[in-house]
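In: when you get a sec, could you give me coordinates for this:
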Amino acid sequence: LFSKELLLSSFPQSGKTVLANFLTESSDITEYNPTQGVRILEFENPHVTSNTKGTGCEFELWDCGGDPKFESCWPALMKDSHGVVIVFNADLPSHLKEIEMWYSCFVQQQFLQDTQCLLIAHHKPGSGSDKGNLTLSPPLNKLKLVHSNLEDDPEEIRLEFIKYLKSIINSVSESRDREEMSIIT
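Out: Numbering: from 1, shown residues only. Okay, here's the model as predicted:
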């Protein structure tokens with residue numbers, strides 16, 4: 001079994017924890033409590049395999065608290081991560097402006113590839129947001145962007161997340177293969 005660490009980071013009150021619970025099929029949290037530091041969710045996804053035996057991969061999803069007071073902890077959380085999911089509330093203009101900071105800190109400074117990053121525009125229940133009017137500036141416009149609305153279409157985000165997990169497994173496998181070849185040659 002493969003064990004991969006993924007970071008789920010974002011702004012306070014973006015819906016990240018509710019989304020993390022849904023994607024990992026963890027317990028439901030009904031009231032808002034800001035994540036303090038980090039919350040680690042271990043899960044296995046049977047739809048994502050790392051070998052021909054068809055066994056599911058194990059993942060750790062690190063739900064990082066988005067409050068700037070935890071910024072000094074972020075480097076330790078980012079160490080050895082294989083992917084980053086940045087969740088933001090598309091209805092808040094301040095989130096759109098600050099995504100670049102998250103991308104720089106959690107992706108670029110960790111030398112992750114853009115394919116190892118997923119942007120999720122999370123729409124909270126009752127927001128009635130339009131998915132089509134979101135334009136991101138470079139370099140964010142190169143990233144995979146998916147919209148999440150657990151009220152209207154929860155399975156759409158689940159399928160997109162499975163695709164993302166598969167891409168992380170492929171990326172890690174390719175990197176490991178390159179490492180092994182460099183040792184042999």
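In: which helices and strands does the longest strand along the chain pack with?
Out: If you go by DSSP state E, the chain has its longest strand at strand 38-49. Applying 3 or more C-beta pairs under 8 Å, 6 or more residues apart in numbering; DSSP states H and E, one finds that strand 38-49 contacts helix 16-23, strand 56-64, helix 154-184. (C-beta placed from N, C-alpha, C; glycine too.)
In: closest one to Ser104 among those?
Out: strand 56-64 (15.2 Å; C-beta to C-beta).
In: contact partners of the next helix or strand after that closest one?
Out: Elements were assigned by DSSP states H and E; along the chain past strand 56-64, the next helix or strand is helix 74-78. Residues from elsewhere that reach helix 74-78 (C-beta atoms under 8 Å, 6 or more residues apart in numbering): Leu7, Ser9, Val38, Trp62, Cys64, Cys105, Phe106, Gln109, Gln110.
In: apply 7 Å and report the result again.
Out: For helix 74-78, the surrounding residues in contact (C-beta atoms under 7 Å, 6 or more residues apart in numbering) are Leu7, Val38, Trp62, Cys64, Cys105, Phe106, Gln110.
In: ok, stretch 101-108 next?
Out: Leu7, Ser9, Ser10, Trp74, Met78, Val84, Ile86, Cys117, Leu140.
In: tell me the least confident of those residues?
Out: Ranked by pLDDT, the contacts of stretch 101-108 bottom out at Ser10, which has 66.
In: isn't there a strand covering Val85?
Out: Yes. Assessed with DSSP: H, G, I helix; E, B strand; the rest coil, Val85 lies in a strand.
In: was I right about it contacting Leu19?
Out: No. Using C-beta atoms under 7 Å, Val85 makes no contact with Leu19, being 8.8 Å away.
In: Ala121 should be in a helix, yeah?
Out: No. Under the criterion used here (three-state DSSP), Ala121 is strand, not part of a helix.
In: residue contacts, the most centrally placed residue in the chain?
Out: Centroid-nearest residue in the chain, with C-alpha atoms, centre = their mean: Val85, separated by 1.9 Å. Shown in contact with Val85 (C-beta under 7 Å, 6+ apart): Leu6, Leu7, Leu8, Leu118, Ile120.
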